[in-house]
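Participant: Structure for the following, please:
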Amino acid sequence: MKVWVEDETGAVLLSDWRVMLLEAVEATGSLTRAAEAMAVPYRTAWDRIRQTETALGAPLIETASGGRSGGGSRLTTTGRAYIASFHRLTEGLEETVQTRFETELRDRLR
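Facilitator: Predicted coordinates:
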């Protein structure tokens, strides 16, 4: 099962994958390391973050350049709030879909 939220133009606002990317940024403290952990090019990760921020109209990550204290990325408060909202939205959906699959399609797809 894949879940995503689109706006009226069809632009993806949030998806399972984009939320996992944001969570990986939070866990690693770096968009580069998050992209590596998800086995995607940095450019792809950066583009998806920017597309999501544009679609939602809010920054989701903050980045700092290197230097004495080093660089990195972290989620904004808004980014954390969107992740939490997405998890609340999708909570229980997988179980519901699996139950309906078992009832409606399992025997027909054998």
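
Participant: where does the protein dip in pLDDT?
Facilitator: Within the chain, the segments meeting pLDDT under 70 span 66-70, 110.

Participant: give me that answer again for 80
Facilitator: 1, 65-71, 106-110 (pLDDT under 80).

Participant: in stretch 59-79, what counts as buried?
Facilitator: By 16 or more other C-beta atoms under 10 Å, the buried positions in stretch 59-79 come out as 60-61, 72-75, 79. Heads up, the C-betas are built off the backbone N, CA and C, glycines and all.

Participant: is it possible to export these to TSV including secondary structure and distance to residue 93?
Facilitator: Output for the buried residues of stretch 59-79, formatted as TSV (DSSP: H, G, I helix; E, B strand; the rest coil; distance: C-beta to C-beta, whole Å):
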residue	secondary structure	distance to residue 93
60	coil	22
61	strand	26
72	strand	33
73	strand	29
74	strand	28
75	strand	23
79	helix	22
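
Participant: got a markdown table for the residues you listed, with distance to residue 5 too?
Facilitator: Formatted as a markdown table, the buried residues of stretch 59-79 follow (distance: C-beta to C-beta, whole Å):
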| residue | distance to residue 5 |
| --- | --- |
| 60 | 14 |
| 61 | 19 |
| 72 | 28 |
| 73 | 23 |
| 74 | 23 |
| 75 | 18 |
| 79 | 15 |
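
Participant: Skipping adjacent residues, who's closest to residue 90 in space?
Facilitator: Setting aside the residues directly before and after it, residue 90 is nearest to residue 3 in space (C-beta to C-beta, 6 or more residues apart in numbering), at 5.1 Å.
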